[in-house]
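In: sequence first, predicted coordinates after that:
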Amino acid sequence: MSKQTMFEKIWNNHVIVAEQGKPSILYIDLHLVHEVTSPQAFEGLRLTGRKVRRPELTFATMDHNVPTKDRFNIKDPISKQQVDTLTDNCREFGVKLYDLDTIDQGVVHVMGPELGLTHPGKTIVCGDSHTSTHGAFGALAFGIGTSEVEHVLATQCLQQSKAKTMLIRFNGARKPGITAKDLILGLIAKYGTDFGTGYVMEYSGEAIRTLTMEERMTVCNMSIEAGARAGLIAPDQTTFDYLRGREYVPQGAAFDAAVEQWKALCSDEGAEYDTVLDFDVNTLVPQVTWGTSPGMGTGITSSVPVPEQLPTENERKAAMSALEYMGLKPGTPMTEIEIDYVFIGSCTNGRIEDLRAAASIARGYKVSPNVTAIVVPGSGRVKLQAEKEGLDKIFTAAGFEWRDAGCSMCLAMNPDVLQPGQRCASTSNRNFEGRQGRGGRTHLVSPEMAAAAAVQGRFVDVRNWELKSEVTA
Ligand SMILES: CC(C)[C@H](C(=O)O)[C@@H](O)C(=O)O
Ligand code: SF4
């Protein structure tokens, strides 16, 4: 048998119908649902008298429209309607819902893996582009549109064209202060936001193998910002250790048997990819975006670009308009950019390790008087764990606000929004115009860089940060 990539193995395990020149029909193992992209899908079932085909493979939560303060009191009528509609739909169609009053409620890509719903080798879909997050486990996971959500609800299948394969090798070891977020921001800054179009990307190399599961999720989360259909990381002992004992994972001997199958999923030695890219981690510095796409980024030791110096007319134009929106002068050192707001959270960086990392920077310091800083756990469980460890106390002592779980300021679909002109250091994944509120200016960074910026009121190189072990009064 010919050598296969991980993508090909998972694909072949799930193809039900394949006809030359046509999209294939794929079986879907797990369907995650949230309040924004599901109302019309359920409505479609209702109108045609169909049921959810496999309710036991379908799990819902609410995240985008949820306030992170006074969460049961949703004032915006559209948000309230979407949340209530999801509740009603889940009841009517027999879908398990992790509601606002459950500890497992949270951003769908944070709570799913936490529950152990995400396994290597599964096909996973959700009406949400950052479903790519789950690829960190070696699952083929991608976002779908609302009409596809309806199709999967009704049939547990999906029409898909086979993607091309790209191997990205992160070569070398990460230096201290370089995070998983810097790996993916650095990659996108170098290659742009569309080099992954039409591909499923597999991340490999020393710097990937040494990442924790949560760090791998940060990398795979942003695959979509490189244009890719999905991201994949081969499962290994780190993956199995993370999964063992979680609620929706097989237990005991069945788990060990599953591990044996999961191990076989890895790409075969010598398997061929359509494209192979190498990325050098040794020279990477902490990343900050300066523009209005995730690819408009650079190192903290650099400056805002001077559009005239960029190589192509398209880049010059794009940079000029981005800098105008961002209110930045060409050539400004990144460390001189002052901020008004800090958002630590989202499905990119709202997990417990992210909060630990940010807290270690914030400990013993005070948020700059010019800055409002919020910390939003990715799920109820992340919040609980953080409170057990006293991270909430570190944050509030430093002047950060400690919130409830949700998408929050990652996108302006709930009360957490920037005011026009406000500048935010954000641990999320998108910096498009208006993403965090009309006229808001977003700079994407790691949790460490965000926490340090909150203290200094501007961006700083976190590699020079002096850690304090004591909380000072
Ligand atoms: C609202 C939802 C459809 C959207 C997505 O698909 O990603 C959101 O989660 C985002 O991050 O922009
Ligand atoms: S946290 Fe942000 S990126 Fe993630 S699902 Fe919510 S809105 Fe989308």
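Out: The structure has been received and is ready for your questions. Ligands and ions are numbered 1, 2, ... in the order given.

In: burial of whatever residue of the stretch 351-473 of the chain ends up closest to ligand 1, as a residue count?
Out: Closest approach between the stretch 351-473 of the chain and ligand 1, counting by CB to the nearest ligand atom: residue 411, at 5.3 Å. Glycine gets a C-beta too; all of them are placed from N, C-alpha and C. By other CB atoms under 10 Å, the residues close to residue 411 number 20.

In: can you tell me, leaving aside adjacent residues, what's nearest to it?
Out: residue 435 (5.9 Å; CB to CB, 6 or more residues apart in numbering).

In: quick one, what contacts the one you found?
Out: 410, 411, 412, 442 (CB atoms under 8 Å, 6 or more residues apart in numbering).

In: the first one reaches residue 424, doesn't it?
Out: Read it as residue 410. No: the pair residue 410 and residue 424 fails to qualify as a contact (CB atoms under 8 Å) at a distance of 10.7 Å.

In: what residues are shared contacts of those two?
Out: What both residue 410 and residue 424 touch, as defined by CB under 8 Å, 6+ apart, is the set 343, 436.

In: could you check the pLDDT of the residue of the stretch 351-473 of the chain closest to ligand 1?
Out: Looking at residue 411, its pLDDT is 98.

In: so who does it touch?
Out: Neighbouring residues of residue 411 by CB under 8 Å, 6+ apart: 64, 428, 430, 435, 436.

In: all strands for the stretch 251-400 of the chain, in order.
Out: Using DSSP state E, counting those that start in this stretch, the strands of the stretch 251-400 of the chain run over residues 275-280, 287-289, 297-299, 341-344, 372-375.

In: residues of the protein that sit close to ligand 1?
Out: 36, 37, 64, 128, 129, 130, 143, 411 (CB under 6 Å from any ligand atom).

In: select from those every entry located in strands.
Out: The strands, defined by DSSP state E, take in residue 143 from those.

In: check the residues of the chain next to ligand 1 against ligand 2, which are close?
Out: Near ligand 2, by the rule CB under 6 Å from any ligand atom, you find 64, 128, 130, 411 out of the residues of the chain next to ligand 1.

In: give me the low-pLDDT residue ranges for this protein?
Out: 1, 470-473 (pLDDT under 70).

In: can I get the longest helix seen in it as CSV, trimmed to CA atoms?
Out: The longest helix of the chain (DSSP state H) is helix 77-93. Extracted in CSV, the C-alpha atoms of helix 77-93 (Å, rounded to 0.1, in the frame of the first residue of the first chain):
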residue,chain,number,x,y,z
PRO,A,77,-32.5,41.5,21.9
ILE,A,78,-30.8,39.6,19.0
SER,A,79,-28.3,38.0,21.3
LYS,A,80,-31.1,37.0,23.8
GLN,A,81,-33.1,35.6,21.0
GLN,A,82,-30.2,33.5,19.6
VAL,A,83,-29.4,32.1,23.1
ASP,A,84,-33.1,31.3,23.8
THR,A,85,-33.6,29.8,20.4
LEU,A,86,-30.6,27.5,20.9
THR,A,87,-32.0,26.4,24.3
ASP,A,88,-35.4,25.6,22.7
ASN,A,89,-33.9,23.9,19.7
CYS,A,90,-31.7,21.6,21.8
ARG,A,91,-34.7,20.7,23.9
GLU,A,92,-36.9,20.0,20.9
PHE,A,93,-34.3,18.0,18.9
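
In: off-centre distance for that helix?
Out: 24 Å (CA atoms, centre = their mean, to the nearest Å).

In: any buried residues in it, and which?
Out: Buried residues in helix 77-93, counted by 16 or more other CB atoms under 10 Å: 79, 82, 83, 85, 86, 87, 89, 90, 93.

In: tell me, how many residues neighbour residue 147?
Out: 11.

In: from residue 57, how far off is whichever residue of the stretch 1-150 of the chain sits closest to ligand 1?
Out: Here the stretch 1-150 of the chain gets closest to ligand 1 at one residue, residue 129, 3.5 Å apart by CB to the nearest ligand atom. Distance from residue 129 to residue 57, counting by CB to CB, to the nearest Å: 21 Å.

In: you'd agree residue 234 is up against residue 266?
Out: Yes: here residue 234 lies in contact with residue 266, judged by CB under 8 Å, at a distance of 4.3 Å.

In: quick check: neighbours shared by the two?
Out: Between them, residue 234 and residue 266 share the contacting residues 6, 138, judged by CB under 8 Å, 6+ apart.

In: and residue 221, what is it in contact with?
Out: 109, 130, 132, 133, 184, 231, 347, 348, 429.

In: now the helices: where do they sit in the stretch 301-450 of the chain?
Out: 313-326, 346-349, 352-362, 380-388, 391-398, 447-456 (DSSP state H, counting those that start in this stretch).

In: tell me which of the ones you listed sits most buried.
Out: helix 346-349 (a mean of 31; mean count of other CB atoms under 10 Å).

In: show me what that one is packed against.
Out: If you count contacts as 3 or more CB pairs under 8 Å, 6 or more residues apart in numbering; DSSP states H and E, helix 346-349 packs onto helix 108-115, helix 213-221.

In: mind putting the ones you listed into JSON lines with distance to residue 240?
Out: What follows is the helices and strands packed on helix 346-349, written out as JSON lines (distance: least, CB to CB, whole Å):
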{"stretch": "helix 108-115", "distance to residue 240": "14"}
{"stretch": "helix 213-221", "distance to residue 240": "10"}
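
In: need those helices in TSV (columns: distance to ligand 2).
Out: Below are the helices and strands packed on helix 346-349 laid out as TSV (distance: least, CB to the nearest ligand atom, whole Å):
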stretch	distance to ligand 2
helix 108-115	6
helix 213-221	7
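
In: check the gap between residue 174 and residue 201 for me.
Out: Separation of residue 174 from residue 201 (CB to CB): 19 Å.

In: of these two, who's got more company?
Out: Remark: of residue 174 and residue 201, residue 201 carries more neighbours, 31 against 20, as counted by other CB under 10 Å.

In: that one is in contact with residue 223, isn't it?
Out: Yes: if you go by CB under 8 Å, residue 201 and residue 223 touch, sitting 5.5 Å apart.

In: identify the contacts common to those two.
Out: With contacts taken as CB under 8 Å, 6+ apart, residue 201 and residue 223 have 230, 231 as neighbours in common.

In: nice, that's everything, thank you.
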